[in-house]
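1. with the input below, show me the fold.
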Amino acid sequence: MKLYYSPYFEGSQSVWEHPLHQDVVYIPPQRVLEYDKKLHEEHIYWDCPAWKNYWNNSWVVFNQIDFKFEWDKTLGKITKKSFGEPKTDYIRPEQIENDGLVFGLPQQLLIWLPNKEKNIWIEMIPYTRLFHQTGLEYLSSEFPLSRWHKQIAPRFKAHATTISLKRGDPLYVIRFKGGANYSLQRWKDIDPPEWLRVKFHQHNSLDYWVKDAAWNLFRRDT
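-> Prediction:
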């Protein structure tokens, strides 16, 4: 089953045409079983069909830009960062509590199906070694990709007080459910198709007009 994606940079004046989205610059998603082959292939579970079936339709999404910041649990604020203002070009802090700092990233993805398949879901889950290497907990989520045209907006909870990510570091994993034999490729143009941009705008702005309506309307294919 074919899927397309376009990089999306939230908050930028050029959400599709951002400099990081150039073909020679952008680091594309890669199949988990390809990216992590050396990590797993010597283990006995590598040949387990159930394990491979789970990961076969999964791709690693990578960080596109270096950034580092420190935050203070007592003060409840970011105290040091490697980037200037606006900081929302790098991270989007949402909540700071003693048990962690919740933030999102502006570097996002829009993924869609070119055909009218039904009941195809996308799941966003942690990359297996992310927490151990960075102290970042990825906040998992899912939605019906065949019904809901929205971008993947990654969110994390920082448990470590110093967070450092390099360009090319794995951020999270996307996994497709409901079909088989998925292929994921970048859309041929800079912007997504016009029909998709219209749907994207409508679906993303719906909750402004009808509070909490999107999930109830789009979670089931009819």
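
2. show residues contacting the host helix or strand of residue 33.
-> For residue 33, the element it lies in under DSSP states H and E is helix 32-35. With Cβ atoms under 8 Å, 6 or more residues apart in numbering as the test, helix 32-35 has contacts from 40, 52, 55, 56, 58, 59, 60, 170, 173. Where you see a C-beta, it was placed from the backbone N, CA and C, and this is true even at glycine.

3. who are the neighbours in contact with the residue nearest to residue 183 when sequence neighbours are not counted?
-> With sequence-adjacent residues excluded and distances taken as Cβ to Cβ, 6 or more residues apart in numbering, residue 183 is closest to residue 2, at 5.4 Å. Contacts of residue 2 were listed using Cβ under 8 Å, 6+ apart, and they are 113, 114, 115, 182, 183, 185.

4. can you give me the buried ones in the longest helix along the chain?
-> Scanning the chain for the longest helix, with DSSP state H as the assignment, gives helix 194-209. Judged by neighbour count using 16 or more other Cβ atoms under 10 Å, the buried positions of helix 194-209 are 196, 199, 200, 203, 206.

5. over to stretch 81-96?
-> 81, 89, 90, 91, 92, 93, 96.

6. list the buried residues for the helix or strand containing residue 174?
-> Using DSSP H and E, residue 174 falls within strand 170-177. Burial within strand 170-177, assessed by neighbour count using 16+ other Cβ under 10 Å, is assigned to 170, 171, 172, 173, 174, 175, 176.

7. buried set for the helix or strand bottoming out on mean pLDDT in the chain?
-> Sorting the helices and strands of the chain by mean pLDDT, DSSP states H and E puts helix 213-218 at the bottom, at a mean of 78. Applying a neighbour-count criterion of 16+ other Cβ under 10 Å, one finds 214, 218 buried in helix 213-218.

8. this protein: helices as residue ranges?
-> 32-35, 37-40, 49-56, 130-134, 194-209, 213-218.

9. Serialize the buried residues of helix 194-209 to a markdown table and add fields for distance to residue 33.
-> A markdown table is the format used below for these (distance: Cβ to Cβ, whole Å):
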| residue | distance to residue 33 |
| --- | --- |
| 196 | 29 |
| 199 | 32 |
| 200 | 30 |
| 203 | 31 |
| 206 | 36 |
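
10. C-alpha coordinates for stretch 82-97, CSV please?
-> Only the C-alpha atoms of stretch 82-97 are listed here, as CSV (Å, rounded to 0.1, in the frame of the first residue of the first chain):
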residue,chain,number,x,y,z
SER,A,82,21.7,26.5,22.5
PHE,A,83,19.4,28.5,20.2
GLY,A,84,18.1,32.1,20.0
GLU,A,85,14.6,33.5,19.8
PRO,A,86,12.0,32.6,18.9
LYS,A,87,12.6,29.4,20.7
THR,A,88,9.5,28.0,19.1
ASP,A,89,11.6,27.5,15.9
TYR,A,90,13.3,24.6,17.9
ILE,A,91,11.0,23.5,20.7
ARG,A,92,7.4,24.4,21.8
PRO,A,93,7.2,24.2,25.6
GLU,A,94,3.7,23.3,26.8
GLN,A,95,3.9,22.5,30.5
ILE,A,96,6.6,22.3,33.2
GLU,A,97,6.1,20.3,36.4
